[in-house]
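K.L.:
fold the following and give me the result.
(2 chains)
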Amino acid sequence: MAALSINNVCKTYANGTEVLKGIDIAIEDGQFLILVGPSGCGKSTLLNMIAGLDDISSGDIEIGGKRVNDLSPKDRDIAMVFQSYALYPSMSVRKNISFGLEIRKMPQGEIDATVERVAQMLQMTHLLDRKPSQLSGGQRQRVAMGRALARNPSIFLFDEPLSNLDAKLRVEMRTEIKLMHQRLKSTIVYVTHDQIEAMTLGDRIAVMKDGIVQQFGSPQDIYDNPANLFVASFIGSPSMNFIPAQVVESAGVLGVKICDDQGCVILPLPHAQEKMRPWLGREVIFGIRPEQITDARTAYREGLPVMSCHIDVIEPTGPDTLVFVSLNNTKVCCRTHPTEAKLPGHSMELVFDVSKAVLFDPTTEQRIA
Amino acid sequence: MAKHLTPGRIVLYAALVLMAIYYLLPLYVMLSTSVKTLDDIRGGNLIALPQSITFDAWSKAWSSACTGVECGGMKGFFWNSVKMAVPSVLISTLIGAVNGYVVSMWRFRGSDVLFTLLLVGCFIPFQVVLLPMARLLGELGMANTTSGLVLVHVIYGLAFTTLFFRNFFVTIPDELVKAARIDGAGFWTIFFRILLPISGPIFMVCVIWQFTQIWNDFLFGVVFAAGESQPITVALNNLVNTSTGVKEYNVDMAAAIIAALPTLFVYMVAGRYFVRGLTAGAVKG
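P.N.:
Numbering: from 1, shown residues only, chains lettered A, B, ... in the order given. Below is the predicted model of the structure:
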């Protein structure tokens, strides 16, 4: 177990490509860090650098307060789980787990005990003598985790460990990983491109894009207070609605003007008055999550702005029905109660909970309020 | 699939059978001639069945036929070839495996250039290297020795074995090597304990390819080995060209088959791995 700190880390390839441009992340002992972002954002490179599989161009990485820049992977006290599992094909499961321990010259008795303990923990005692080719995807995943667990490292590194599994298994394994973290209180760095995995697993999330950490914070903080348009659009499913809208003043309160083909309403944003002031009369991007536009029954507060909207499409998901309407000529997704949703072609009263709505600068895409 | 014979099928099979006969005919002629007596050969025609079967020609070819002034048969030269081919095959395959491992898994600055240069080695004609190689062997004091011939074949074979192993190893996920590095395994541990155990198919490809090339080589053998240390291909040539009055076709044929047997044997034992090895893909999962 150890804290991890990444200080101003850069990675530049020999051909001049900058993959990482000054990464600063620090987590405490026992925290679960998620590196999330679209492909090519540098998250896997960063993980490889923490592992010591890639050189650091500049900056420092510290594990447990010790600078590890120049240590080889085997001396960093880490274990890694790979996307392809990377099980040694010629070795039995038992051998796969014990290989790293043998190389570290652990006494045979201790190795056997460790393998037994890990196998029991992951409920795969009956698989120990099989070869990786005789295992299913989920079982391979388990063995890969077992191999990492057996080493009892100070940091676990996970490189998209669930993306080769089918949807159902992925959810199961997700819970297991979380359970394992709660039990072992281990420090984990976990790379994924899946924002749901990021939200559900992480204590801390670093949202990355183009080699820069766009935002670093707790899952709820990132969900509620996205730093910019990219983070807001990347985290959350269905994605946040982005409606181009004008900032107007009505009865001394600033708000945004939202229209559909039947008319306009002004949504006052009392929580953001100060920051909106310079934007009066100008166009901003109004960001509101689907669950913040809903039917009157689901909206739990009185006195919220209401607008009657023409429904284009509905998508029932079971617990909710997603209603799509057109506001300011933009497709907008609203999450409503299944029994309250009207049919396409009809109009429906939608309640806007603007207390968590956000505003972005349309040119810089940075958060205004 | 239609089970019964349609006219198209019959034509197809007839054509295939004809072609098979065409290709097998030389082998038949060699085999049948080698068991005929000289009288039989002179009396009958080439493809006639032997009137009586005798293995005299075989034993003469093996132990007493004349290759130039020596009259000890192919025996000694056969073992020369074995002594040349086995070490050459093993050494070139092992070095090729390490080379392939490095250029696929441990890329360094310039490793692609190095690999390309090695590939060029596949396209260099034998004749080009004869003179420089002769000089090198002379300098090393290995001229006209079997070990000199082994050196030549190892160097020449490296380009091919490296290519084979490199192409095999690039299909194996890098993550395997990364995982082993994190587990604490070093360069050689990864090579011997992780990669070699799964390289069986490509090993067979290399062994078959190299053995066939080296056993069948004539040019290097005739240039870099002399007298006692000649390989069997050179001896076969000498045997056929040495005539003491009567041309003994049956002995020539028997000697030729003896010279060809080892490659046939290797192919029959390991041939099924050849195709499998060439098409072997990544280790899935």
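K.L.:
phi and psi next, for whichever residue of the stretch 1-150 of chain B sits closest to chain A.
P.N.:
Residue nearest to chain A within the stretch 1-150 of chain B (Cβ to the nearest Cβ): residue B:109, separated by 7.3 Å. Any C-beta I mention is one placed from the backbone N, CA and C, and that applies to glycine too. Backbone torsions for residue B:109, taken as degrees, to the nearest 10, come to phi -60, psi 120.
K.L.:
what does residue A:169 give?
P.N.:
phi -60, psi -30.
K.L.:
isn't it right next to residue A:137, touching?
P.N.:
Yes - in this structure, residue A:169 is within contact of residue A:137 by Cβ atoms under 8 Å, at 6.9 Å.
K.L.:
what sits against residue A:116?
P.N.:
residue A:125 (Cβ atoms under 8 Å, 6 or more residues apart in numbering or on different chains).
K.L.:
look up how far chain B lies from it.
P.N.:
Here the criterion is Cβ to the nearest Cβ, to the nearest Å. By it, residue A:116 lies 19 Å from chain B.
K.L.:
for that residue, report the pLDDT, please.
P.N.:
Note on residue A:116: pLDDT of 94.
K.L.:
got the buried residues for stretch A:23-35?
P.N.:
A:23, A:25, A:27, A:31-35 (16 or more other Cβ atoms under 10 Å in any protein chain shown).
K.L.:
let me redo that: stretch A:40-56
P.N.:
For stretch A:40-56, by 16+ other Cβ under 10 Å, it's A:41-54, A:56.
K.L.:
identify the farthest-apart pair in these.
P.N.:
By the measure Cβ to Cβ, A:41 and A:52 form the most distant pair in the buried residues of stretch A:40-56, at 20.8 Å.
K.L.:
related to what we said a few turns ago, so who does the residue of the stretch 1-150 of chain B closest to chain A touch?
P.N.:
Contact analysis of residue B:109 by Cβ under 8 Å, 6+ apart lists residue A:14.
K.L.:
take the buried residues of stretch A:40-56 and keep only those in helices.
P.N.:
In helices, defined here by DSSP state H, the members of these are A:43-51.
K.L.:
tell me, which of the residues you listed make contact with chain B?
P.N.:
A:48, A:51 (Cβ under 8 Å from any Cβ of the partner chain).
K.L.:
any low-confidence regions in the stretch 151-285 of chain B?
P.N.:
B:243, B:276-285 (pLDDT under 70).
K.L.:
quick one: name the residues of it near chain A.
P.N.:
B:173, B:175-176, B:178-185, B:189, B:193-194, B:197-198, B:283-285.
K.L.:
ok, residue A:93 to residue A:16 distance?
P.N.:
Distance, residue A:93 to residue A:16, using Cβ to Cβ, to the nearest Å: 44 Å.
K.L.:
who has more neighbours, these two?
P.N.:
When residue A:93 and residue A:16 are compared on other Cβ atoms under 10 Å in any protein chain shown, the one with more neighbours turns out to be residue A:93, at 27 against 6.
K.L.:
the more buried one contacts residue A:126, doesn't it?
P.N.:
No - Residue A:93 sits out of contact with residue A:126 when judged by Cβ under 8 Å, with a separation of 9.9 Å.
K.L.:
if we can go back for a sec, between the buried residues of stretch A:40-56, which is nearest chain B?
P.N.:
residue A:53 (5.2 Å).
K.L.:
how about that closest one: what's its closest non-neighbour residue?
P.N.:
Counting by Cβ to Cβ, 6 or more residues apart in numbering or on different chains, residue A:53 lies nearest to residue B:178, which is 5.2 Å off, once chain neighbours are set aside.
K.L.:
point me to the residue of the stretch 201-350 of chain A nearest chain B.
P.N.:
For the stretch 201-350 of chain A, Cβ to the nearest Cβ, closest residue to chain B: residue A:208, 20.7 Å.
K.L.:
which non-adjacent residue is nearest that residue?
P.N.:
Using Cβ to Cβ, 6+ apart, the closest residue to residue A:208 is residue A:37 (3.7 Å).
K.L.:
what is the neighbour count of the one you found?
P.N.:
Neighbours of residue A:37 under the rule other Cβ under 10 Å: 28.
K.L.:
how is the chain carved up into domains?
P.N.:
Picking chain A for this. A:4-234, A:241-360 (automatic domain parsing).
K.L.:
was after chain B, sorry
P.N.:
Listed by automatic domain parsing, the domain ranges of chain B are B:7-54, B:75-279.
K.L.:
ok, which stretches of the stretch 1-150 of chain A are helices?
P.N.:
In the stretch 1-150 of chain A, the helices defined using DSSP state H, counting those that start in this stretch lie at A:43-51, A:93-103, A:108-121, A:137-151.
K.L.:
which one of those helices lies closest to residue B:75?
P.N.:
With Cβ to Cβ as the yardstick, what comes closest out of the helices of the stretch 1-150 of chain A is helix A:93-103 (47.5 Å).
K.L.:
what's that closest one packed up against?
P.N.:
When contacts are defined as 3 or more Cβ pairs under 8 Å, 6 or more residues apart in numbering or on different chains; DSSP states H and E, helix A:93-103 packs onto helix A:108-121, helix A:137-151.
K.L.:
deepest of those, which one?
P.N.:
helix A:137-151 (a mean of 23; mean count of other Cβ atoms under 10 Å in any protein chain shown).
K.L.:
from the rest of the structure, what touches it?
P.N.:
With Cβ under 8 Å, 6+ apart, helix A:137-151 has contacts from A:79-82, A:85-87, A:93, A:96-101, A:114-115, A:118-119, A:121-124, A:127, A:132, A:135, A:156, A:161-162, A:164-166, A:169, A:172-173, A:177, A:180, A:184, B:179, B:183, B:285.
K.L.:
list the contacts of the helix or strand that comes right after it.
P.N.:
On the C-terminal side of helix A:137-151, the closest following helix or strand by DSSP states H and E is strand A:155-159. Strand A:155-159 is contacted by residues A:2, A:4, A:44, A:47, A:50-51, A:63, A:76-83, A:148, A:177, A:186-191, B:175 when judged by Cβ under 8 Å, 6+ apart.
K.L.:
what's the mean pLDDT across strand A:155-159?
P.N.:
Strand A:155-159 comes out at a mean pLDDT of 94.
K.L.:
each with direction, which strands does it pair with?
P.N.:
Sheet partners assigned to strand A:155-159 using DSSP bridges are listed as strand A:78-81 (parallel), strand A:187-192 (parallel).
K.L.:
can you redo these as TSV with mean pLDDT?
P.N.:
Shown next, in TSV, are the strands paired with strand A:155-159 (pLDDT from 0 to 100):
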stretch	mean pLDDT
strand A:78-81	94
strand A:187-192	95
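K.L.:
thanks a lot, see you next time.
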